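Participant: Coordinates only, no sequence provided:
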């Protein structure tokens, strides 16, 4: 493998850099997907983490991205370096609050803890960050319910999704489940 040739890393140059995520999280069971891969130009231009082709579903007539509403300003994706010298990697964690305790919420919380997903979240600038790859699925590691109280609090689930891999930028199509 040839040594990396670093390029300049310019500033924002007038572009916005709004923090936070939009309200909808898109999830799909990993077993239903064939994921497109980044095409790395080798020029250190972001192409090694940008997926420009569409992910495909095994049965597009019955499968697709599930749009999960979450409360605006409750979702956060953190990607952190883990490990030690000669063995570093990345751990991503997404937490998001979903209001309500409907049968759908309770059932999803019960079943999702035992499945693997690919997860897409949208930044305020409109970019989609992808968690998960064909080899490393995202796990729902937490589904905590809270009824709140009559005088305060919020009723719903805080979901936590985790994967041990770097984030990707996904600019392909998002075909929602019918």
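Facilitator: Sure thing, it's come through. Computed from a predicted model, the values in this text were never measured in an experiment.
Participant: what packs against the top strand by length along the chain?
Facilitator: Using DSSP state E to define each element, the chain has its longest strand at strand 89-99. In this structure, strand 89-99 packs against strand 21-29, strand 66-69, strand 76-82, strand 156-163, with contacts taken as 3 or more Cβ pairs under 8 Å, 6 or more residues apart in numbering; DSSP states H and E. All C-beta spots, glycine's among them, are computed from the backbone N, C-alpha and C.
Participant: rerun that using 10 Å as the cut-off
Facilitator: Counting contacts by 3 or more Cβ pairs under 10 Å, 6 or more residues apart in numbering; DSSP states H and E, strand 89-99 packs against strand 21-29, strand 66-69, strand 76-82, helix 103-112, strand 116-123, strand 128-131, strand 138-146, strand 156-163.
Participant: what's the angle between the longest one and strand 138-146?
Facilitator: Computed with axes from the mean of the first three to the mean of the last three Cα atoms, to 10 degrees, the direction of helix 103-112 lies at 130 degrees from that of strand 138-146.
Participant: closest one to residue 172 among the helices and strands packed on strand 89-99?
Facilitator: Smallest distance to residue 172 across these (Cβ to Cβ): 8.7 Å, for strand 128-131.
Participant: Any regions of the protein where pLDDT drops low?
Facilitator: Across the chain, the ranges flagged by pLDDT under 70 are 1-2.
Participant: go again using 90 as the cut-off
Facilitator: 1-17, 42-44, 178 (pLDDT under 90).
Participant: follow-up on the earlier one: looking at the helices and strands packed on strand 89-99, spot the one closest to residue 44.
Facilitator: Going by Cβ to Cβ, the one of the helices and strands packed on strand 89-99 nearest residue 44 is strand 76-82, 18.8 Å.
Participant: Check which residues of the closest one are buried.
Facilitator: For strand 76-82, a neighbour-count test (16 or more other Cβ atoms under 10 Å) marks residue 77 as buried.
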